[in-house]
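Novice: With the sequence up front, the predicted model follows.
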Amino acid sequence: MPPEDHFQDLVVRVRAGDQDASTELMRMFEPFILRVVRFAMRKQTNYEKIRSRLGASDVCQSVFKSLFAGLREGRFELNQSEQLQGLLRIMSRFKIATESRRLSVILREVVEGGSPPDRADPGPSPEKPVEDQDLAEAVVRHFSEDELDLLQRRLDGETWPAIAAELRVDADTLRRRLERAVKCVKEMPSLRAAFLG
C-alpha cells in the first residue's frame, strides 16, 4: 500500500482528471481487485457460465471506470487506502452479482419456457445487456459507499435485522436509506425504460 500522504495526493489528482495519477492508482490496486474478483466469481453457483462471458480483467476495468467517474463527481470520500480497498471490494462483488443474477434469470426463463437444448440460453435481446450494464453502472456511480454496502448485503441474502445488528442502526432506517437510493436511480431518465419494460 502507498504511504497515506501519497495516496491522498493521488486521489486529489484523479479527481482533477490527471491521467498519470489514474494509471498509477490502477497499477497499485489492480492486483487486489483481481484477487477479489476471482474469489467472488468462484463462489457463484453458475461460475463456469459467468467466466465464459465475463473475465476478471473485464470486471477490473469496469470497476476502475466507475471509481474514476465517482471520484470526479465527488461521490466517494477516500482518505485512506483501506477505504479504497473496501469500496473496490464492494464494487467488484456487485458487478459479479449483477451478472450472475442476470444469467440466472435467463436460465430460469429457458427452463420454464421449455426451450429445446439447441436453442437454450441464446442470450438476452440486443438491448438487454445495455440496460443491465447501464443499470449496474448507474448504481455504482450514484450510490454512496454505505448504500453500495447495504445493497450488496441484501444481494447476499442478509436480512434487515442482521444488517441492523451488525451496523448498530435501526433496520427501518437502513431499509429507507436503500429505498431512497434505489428510487433516485430509478427516476433517472436514461434508466426508466430498464425499470418499466
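Specialist: Good, I have the coordinates. Numbering: from 1, shown residues only.

Novice: Show me what the helix or strand containing Ala181 packs onto, helices and strands only.
Specialist: Assessed by DSSP states H and E, Ala181 sits inside helix 171-186. When contacts are defined as 3 or more Cβ pairs under 8 Å, 6 or more residues apart in numbering; DSSP states H and E, helix 171-186 sits against helix 127-142, helix 145-155, helix 160-167. To be clear about C-beta, it is placed using only N, CA and C from the backbone, and glycine gets the same treatment.

Novice: Now do it, average pLDDT.
Specialist: Across helix 171-186, pLDDT averages out at 84.

Novice: re earlier: ok, of the helices and strands packed on helix 171-186, where does mean pLDDT dip lowest?
Specialist: helix 127-142 (a mean of 58).

Novice: Asp9 sits in which helix or strand?
Specialist: helix 4-15.

Novice: Could I get the buried residue list for that helix?
Specialist: Phe7, Leu10, Val11, Arg13, Val14, Arg15 (16 or more other Cβ atoms under 10 Å).

Novice: do stretch 88-103 as well
Specialist: Quick answer for stretch 88-103 (16+ other Cβ under 10 Å): 88-100, 102-103.

Novice: which residues touch the closest residue to Phe76 other than its chain neighbours?
Specialist: Ranked by Cβ to Cβ, 6 or more residues apart in numbering and with sequence neighbours excluded, the top spatial neighbour of Phe76 is Gly70, at 4.9 Å. Contact analysis of Gly70 by Cβ atoms under 8 Å, 6 or more residues apart in numbering lists Phe76, Val140, Arg141.

Novice: I'd like the distance between the nearest residue to Leu148 once chain neighbours are set aside and Ser144.
Specialist: Once flanking residues are discounted, Leu148 sits nearest to Ile90: 4.8 Å by Cβ to Cβ, 6+ apart. Ile90 sits 11 Å away from Ser144, taking Cβ to Cβ, to the nearest Å as the criterion.
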